[in-house]
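Student: return atomic coordinates for the entry below.
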Amino acid sequence: MWRKRIFKGLRFRLALSYVIFFALLLTAFGFVLRGMLRNVVEGTVQGLLEEEWAACKGFLHITPAGKIAWKYDPNDKEEAAIVERLRLVYMIANDKGEVLESSELYRELGFDSPAIITQVMSDTKPSYTFQPNLRGQIFMVRQGILREKDARYFVALGRNFTPSLHVVNEFSLDYFSAVPIIILTAAGLGWLLAGRALQPVADVAAEVEKLSGSNLNLRVSPRGAGDELDHMIETFNGMVSRLEKSFQEIRQFSTDVSHELRTPITVVRGQLEVALMTAKTDEELRCAIESALLDIERLSQIIRALLQLAKAEGGQTALQMMDVDLVSLVSEVVSDLQIPALDRQVKLRALLPRQAIISGDRIQIERLLYNLIDNGIKYTREGGFVEVEIEVLESTGKILIEIRDNGRGIAPEHLPHLFDRLYRVPSRESGTEKGLGLGLSFVSWIVKAHNGEIQVRSELDKGTVFTVTFPIKAAEVKSVAEYGNQRETAGRYSNS
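Tutor: A predicted model of the protein is given here:
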C-alpha cells in the first residue's frame, strides 16, 4: 500500500521527471562530445597528412617516362625519417589509372580503381577517405594531384587512424560507464530536492486540514516568497473568506427564517388552543379560524417569497431579455400606484425623457419599480411627495433611475443591511416593522442580474433616495414630460 502511495506521489513523479530529463541530457551531451572529439582527431590527422603532402612535393620527383625518385640526403637523419614515413603508406598512379609505385601497407588497403583515380584527378580539391586493411585497422587516406612539369599524377598518402579511434572509443566507454552512476546520484539528489520543494505544500496542506465549517476564520499563513505557492495561498484564503461569509449568511438566514416561521406558527397554535378551550359559540370559533388563516397566509407569503428569492439567487430563474422602454414602464407603474398614493395624500410624479431603452426582463424591472416606489409611498407622511426621474447619461453609457421622497428617512446604522434578506427597519412611530423584509433583497438581485448598480442615501426626517443605473441599450433624449397624479389605476405589487 505504501509503495503504491509513493509511486503515485507528486514527489516521486517530480524526481522521476528530473532523472529522465537529466539522463536524456547526459546522453545527448555524451554523443555531442563524442562527435566533437571525433572531429578534433580527424582534423588533427588531416593536418598531419597535409604536412606530409607538402613534404612529399619536395622529396618526390617523377620523370616524363614515369620513373619515380625520392631525392633526399641519406646522411640527414631527419630527411631520411621523413621520407621513410612518407613511403610507409602511399600509392602513385598516372592519369590513366596505372599504378606506378605503392607501399606494402597501401597494397593491403587495396588499390584505387581507375574510376576513382579519374574522379579525383578531375577535381581541384583533395579528398579524404577511410579505408580498412585486412587486420581491421582503419587508415585515413589523402588523395590528390601532383603536378610534375606538364604531367599530372595521382598520389595517395595514408596514416593509421586506429589509435585516434581508440581515443574516441575509450572516452565514450568511460563517459557512458559513468552515466549510470551520475544518474543514480542525480536520482537521490532529485528525491531530496523534490521533498524540499514540496515541503511548503505539505505545510500548507497541514494548515488546510485544520479548517472546518466551525473554524472558517482560520487562514493559511503566506510564506512571503511572492511565488506561485503564495499566489495559491492568497487565492485559497480568498475562497475561504467567501465560504465563511456564505456560511454566516446561511446561519443568519436559517436563524431569521426560524424566527419568522416560528412566530406565525406559535400565534396560530395559541389562537386555536384558546378557541378550543374557551370558544362557546360558532361565531367565536369562526373568528379564531379567520385570525389563524390570516397568520397562515402570512406564513405562506414568507415561504413563497423565500423560495422565489432562493431560486433567483441560485440562477434558477431565467430572465426573458428584451428591449424595455423604461419611460413607458415607469409611466404604467406610476399610474397604477396613484390610488395608494392618493389614499395616503402623497403626491406621486415622474420626470421622464421621451425614450430610455435597456435590455432586460420587463417583469423583473416592473417588480423593482413597484417595490421602490411603493416603499416610498408607505414611508412618506401625508402631504409629502414621491418622485421618479429617469436620466440618460450618454457620456457614460448608463441610464439612471432615481426614486426620491421626503419621508421619514432611514437611520445610518440600518443602511448597510437594507438589502439583506428578512431585514426590516423598525418603525419609530409604532415600534413595529412593516413587510416581510424581502422586497429590497429582490430589488438587489434584479439590479445585479441586469449588470446594474443600486445605491441608497437617506437622512432622518428629510427623505430617502434610491439610485439605480443600468447599461444603456438605445436612448434618445428629446423632451422632459411631467406626469400628474390624477390617473386612477390599481396597484400590481406591494413591498413583499
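Student: from now on I want contacts and neighbour counts done on CA atoms only, so please keep to that.
Tutor: Will do.
Student: list the pairing partners of the strand or helix carrying residue 146 within its sheet, with orientation.
Tutor: If you go by DSSP states H and E, residue 146 is part of strand 138-148. Applying DSSP bridges, strand 138-148 is found paired with strand 127-132 (antiparallel), strand 151-160 (antiparallel).
Student: who's in contact with it?
Tutor: For strand 138-148, contacts defined as C-alpha atoms under 8 Å, 6 or more residues apart in numbering pick out 45-46, 49, 57, 61-63, 120-121, 124-133, 152-162.
Student: go again using 6 Å as the cut-off
Tutor: Contacts to strand 138-148, defined as C-alpha atoms under 6 Å, 6 or more residues apart in numbering, come from residues 126-132, 152-162.
Student: got the buried residues for that strand?
Tutor: Residues 138-146 are the ones in strand 138-148 that count as buried (16 or more other C-alpha atoms under 10 Å).
Student: same check on stretch 386-399?
Tutor: For stretch 386-399, by 16+ other C-alpha under 10 Å, it's 386-392, 398-399.
Student: TSV please, covering those residues and showing pLDDT and distance to residue 103.
Tutor: As requested, the buried residues of stretch 386-399 are exported to TSV (pLDDT from 0 to 100; distance: C-alpha to C-alpha, whole Å):
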residue	pLDDT	distance to residue 103
386	95	123
387	95	120
388	95	117
389	95	115
390	94	112
391	93	110
392	91	107
398	92	101
399	94	105
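Student: nearest to residue 72 among the residues you listed?
Tutor: residue 398 (106.2 Å; C-alpha to C-alpha).
Student: beta partners of that closest one?
Tutor: residue 393, residue 471.
Student: I figured it hits residue 471, correct?
Tutor: Yes - contact criterion C-alpha atoms under 6 Å: residue 398 and residue 471 qualify, at 4.7 Å.
Student: break this protein down into its structural domains.
Tutor: Using automatic domain parsing, the domain ranges for the chain come out as 2-165, 228-313, 321-483.
Student: show the pLDDT at residue 11.
Tutor: At residue 11, the predicted lDDT confidence score is 73.
Student: gap between it and residue 233?
Tutor: For residue 11, the distance to residue 233 equals 20 Å [C-alpha to C-alpha, to the nearest Å].
Student: next one: residue 177
Tutor: 45 Å.
Student: who has more neighbours, those two?
Tutor: Neighbour count, other C-alpha atoms under 10 Å: between residue 177 and residue 233, residue 233 has more, with 19 against 11.
Student: coming back round to it: of the strands paired with strand 138-148, flag the one that's most buried.
Tutor: Highest mean neighbour count of the strands paired with strand 138-148: strand 151-160, a mean of 22 (counted as mean count of other C-alpha atoms under 10 Å).
Student: right, and the helix or strand after that one?
Tutor: Following strand 151-160 toward the C-terminus (DSSP H and E): helix 162-209.
Student: what sits against residue 90?
Tutor: Counting by C-alpha under 6 Å, 6+ apart, residue 90 has contacts 102-103, 106, 156-157.
Student: with residue 11 instead?
Tutor: Counting by C-alpha under 6 Å, 6+ apart, residue 11 has contacts residue 194.
Student: starting from residue 205, give me the distance back to it.
Tutor: Separation of residue 11 from residue 205 (C-alpha to C-alpha) stands at 15 Å.
Student: what of residue 395?
Tutor: 50 Å.
Student: just residue 230 next, same as before
Tutor: From residue 230 to residue 205 the distance is 13 Å (C-alpha to C-alpha).
Student: more neighbours: which of these two?
Tutor: Between residue 230 and residue 205, residue 230 has the larger neighbour count (other C-alpha under 10 Å), namely 17 against 12.
Student: would that one count as being in a helix?
Tutor: Yes - secondary structure of residue 230 (DSSP: H, G, I helix; E, B strand; the rest coil): part of a helix.
Student: find the nearest non-adjacent residue to it, please.
Tutor: In this structure, residue 230 finds its nearest non-sequential neighbour in residue 222, 5.8 Å apart by C-alpha to C-alpha, 6 or more residues apart in numbering.
Student: what is the neighbour count of the one you found?
Tutor: 15.
Student: that one and residue 232, how far apart?
Tutor: Residue 222 is 9 Å from residue 232, by C-alpha to C-alpha.
Student: ditto for residue 246
Tutor: Residue 246 is 21 Å from residue 232, by C-alpha to C-alpha.
Student: where does pLDDT dip in the stretch 151-300 of the chain?
Tutor: 212-217, 249, 252-253, 255-257, 259-260, 263 (pLDDT under 70).
Student: kindly recompute the last result at 50.
Tutor: Applying pLDDT under 50 to the stretch 151-300 of the chain flags no residue at all.
Student: specify the local secondary structure of residue 348.
Tutor: Assignment for residue 348 (three-state DSSP): strand.
Student: neighbours around it, how many?
Tutor: Residue 348, neighbours per other C-alpha under 10 Å, totals 26.
Student: residue 388 is in contact with that one, correct?
Tutor: No - applying C-alpha under 6 Å as the test, residue 348 and residue 388 come out as separate, 8.1 Å apart.
Student: ok, for residue 341, nearest residue in space, not its chain neighbours?
Tutor: Nearest to residue 341 is residue 377, by C-alpha to C-alpha, 6+ apart, at 6.1 Å.
Student: show me what the helix or strand where the one you found lies is packed up against.
Tutor: Using DSSP H and E, residue 377 falls within helix 362-378. The helices and strands touching helix 362-378, judged by 3 or more C-alpha pairs under 6 Å, 6 or more residues apart in numbering; DSSP states H and E, number zero.
Student: can we see that at 8 Å?
Tutor: strand 321-325, helix 326-336, strand 385-393, strand 398-405, helix 439-449 (3 or more C-alpha pairs under 8 Å, 6 or more residues apart in numbering; DSSP states H and E).
Student: compare the ones you listed and give me the one nearest residue 370.
Tutor: helix 326-336 (6.5 Å).
Student: list the buried residues in the closest one.
Tutor: Within helix 326-336, the residues scored as buried using 16+ other C-alpha under 10 Å are 326-327, 329-331, 333-336.
Student: now, the most widely separated pair of the buried residues of strand 138-148?
Tutor: Top of the distance list for these (C-alpha to C-alpha): 138 and 146, 24.5 Å.
Student: okay, now the unreliable bits of the stretch 1-150 of the chain?
Tutor: Ranges of the stretch 1-150 of the chain meeting pLDDT under 50: 1-2.
Student: ok, which stretches of it are strands?
Tutor: Applying DSSP state E, counting those that start in this stretch to the stretch 1-150 of the chain gives strands spanning 60-62, 68-70, 90-94, 99-102, 127-132, 138-148.
Student: looking just at contacts, which helices and strands does the first one meet?
Tutor: It stands for strand 60-62. Contacts defined by 3+ C-alpha pairs under 8 Å, 6+ apart place strand 60-62 against strand 68-70.
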